[in-house]
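# Provide a 3D model corresponding to the input given below.
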Amino acid sequence: MSDQLRASDQRRPRNDGAAPGPTPDPDPEPGPEQRSPDEATVWLLRSRGCWAVAAVLLEPSAEHSPGSALLRAELLIEGAFFRGRGWSTAENALRLAEAHAGTAEERSAAACARGYLAYCATLLQVHDRLDEAQAALGRASALLPPNAPGRPLLDFRRGLVAENLLKDPASARTALRRAHAGAEQLQDDLLLSYTWRHLAFIAQQDGNLAGARHGFAESLRLRELTGFSVGIAPALTALAEVSTRADAALLRAQAARLTDAFGQVPVPLAG
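Residues are numbered from 1 along each chain as shown. This next block holds a predicted model:
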């Protein structure tokens with residue numbers, strides 16, 4: 001991957017299972033047992049690759065709630081990235097979220113989503129939007145206090161740009177380590193699955209296969225733990241790249257079965 005997915009006011013509690021993305025309430029998050037059924041349903045759909053259905057559930061509240069509008073946009077961006085289509089729908093949802101954003105934190109989260117959409121479109125060669133991605137993520141950083149809950153996701157996305165678009169592993173490593181530390185502090189297991197994944201990619205490029213195996217194995221474990229089912233196949237495939245031949249064959253076979261089960265989602269490079 002390069003990824004997505006990836007958290008929120010960008011904050012999620014441990015075992016909450018949400019992919020990186022905003023939540024309707026920017027205050028400290030309740031645990032899974034405290035979430036409303038609608039939030040639980042949205043996550044269940046999202047984790048199984050039903051982004052459009054989840055977005056429909058959020059549509060009424062997105063018309064008046066900045067948090068719901070942003071969550072809906074993040075869902076559709078993630079769906080476009082994993083499926084390789086639906087870019088205009090994601091763009092329209094993001095414009096609505098940007099229009100609703102009022103506080104500095106809301107504007108920062110919307111800019112972070114804007115940067116991620118531009119990154120995804122560039123990575124999958126839909127459009128070259130590298131300049132837009134960098135500008136939007138820079139704008140998000142300027143609006144966000146250093147210790148804000150949204151900072152780890154922002155650092156993660158800046159790391160993605162450095163790793164996959166700018167081909168700058170040193171800058172990517174720095175940003176991803178900051179994101180990793182922040183995700184650990186927030187106990188955000190799904191974001192940690194992404195930071196482990198991308199730090200492992202860098203370790204693999206550096207020839208540190210033991211470090212890469214550890215990172216990919218941790219990413220897979222956390223995706224299984226959170227129930228992020230649609231993201232398990234790419235985690236298996238990544239781990240296969242640094243495994244023995246026999247183990248790799250088993251991992252790839254399992255990944256292929258999962259990808260088939262999700263209708264050939266995610267597309268290559270995503271997840």
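
# what residues does stretch 109-117 touch?
4, 6, 8-10, 22, 70, 73-74, 77, 80, 87, 90-91, 94, 97-98, 101, 129, 132-137, 139-140, 143, 150, 153-154, 157, 160-161 (C-beta atoms under 8 Å, 6 or more residues apart in numbering). Heads up, the C-betas are built off the backbone N, CA and C, glycines and all.

# and with 7 Å instead?
Residues from elsewhere that reach stretch 109-117 (C-beta atoms under 7 Å, 6 or more residues apart in numbering): 10, 22, 70, 73-74, 77, 90-91, 94, 97-98, 101, 133, 136-137, 139-140, 143, 150, 153-154, 157.

# let's see which of these end up in strands.
Counting by DSSP state E, these place none of their members in strands.

# looking at the residues you listed, which are in helices?
Among the contacts of stretch 109-117, DSSP state H puts 70, 73-74, 77, 90-91, 94, 97-98, 133, 136-137, 139-140, 143, 153-154, 157 in helices.

# longest helix of the chain, counting residues only.
Max-length helix for the chain by DSSP H is helix 104-123.

# what about that one, average pLDDT?
Taken as a whole, helix 104-123 has an average pLDDT of 98.

# list the buried ones in it?
Judged by neighbour count using 16 or more other C-beta atoms under 10 Å, the buried positions of helix 104-123 are 105-123.

# next one: stretch 142-155 to chain centre, how far?
A distance of 15 Å separates the centroid of the chain from that of stretch 142-155, by C-alpha atoms, centre = their mean, to the nearest Å.

# what about it, how long is it end to end?
12 Å (C-alpha to C-alpha, to the nearest Å).

# does Ala175 touch Leu160 like I think?
No. Counting by C-beta atoms under 7 Å, Ala175 does not reach Leu160; the two are 8.4 Å apart.

# the more surrounded of these two?
Leu160 (29 against 24; other C-beta atoms under 10 Å).

# give me the element the more buried one is part of.
Assignment of secondary structure by DSSP states H and E places Leu160 within helix 151-160.

# what about Thr195, distance to Gln264?
As judged by C-beta to C-beta, to the nearest Å, Thr195 and Gln264 stand 27 Å apart.

# hang on, the earlier thing: got the angle for the longest helix of the chain vs helix 151-160?
Relative orientation of helix 104-123 and helix 151-160, computed by axes from the mean of the first three to the mean of the last three C-alpha atoms, to 10 degrees: 20 degrees.

# coming back round to it: compare Thr195 and Gln264 and say which is more crowded by neighbours.
More neighbours sit around Thr195 than around the other of Thr195 and Gln264, counting by other C-beta under 10 Å; the figures are 30 against 11.

# do you know how far the nearest residue to the more buried one once chain neighbours are set aside is from Leu239?
Ranked by C-beta to C-beta, 6 or more residues apart in numbering and with sequence neighbours excluded, the top spatial neighbour of Thr195 is His180, at 3.9 Å. Distance of His180 to Leu239, given as C-beta to C-beta: 18 Å.

# Asp131 now?
34 Å.

# and if you look at Ala246?
Using C-beta to C-beta, we find Ala246 at a distance of 13 Å from Leu239.
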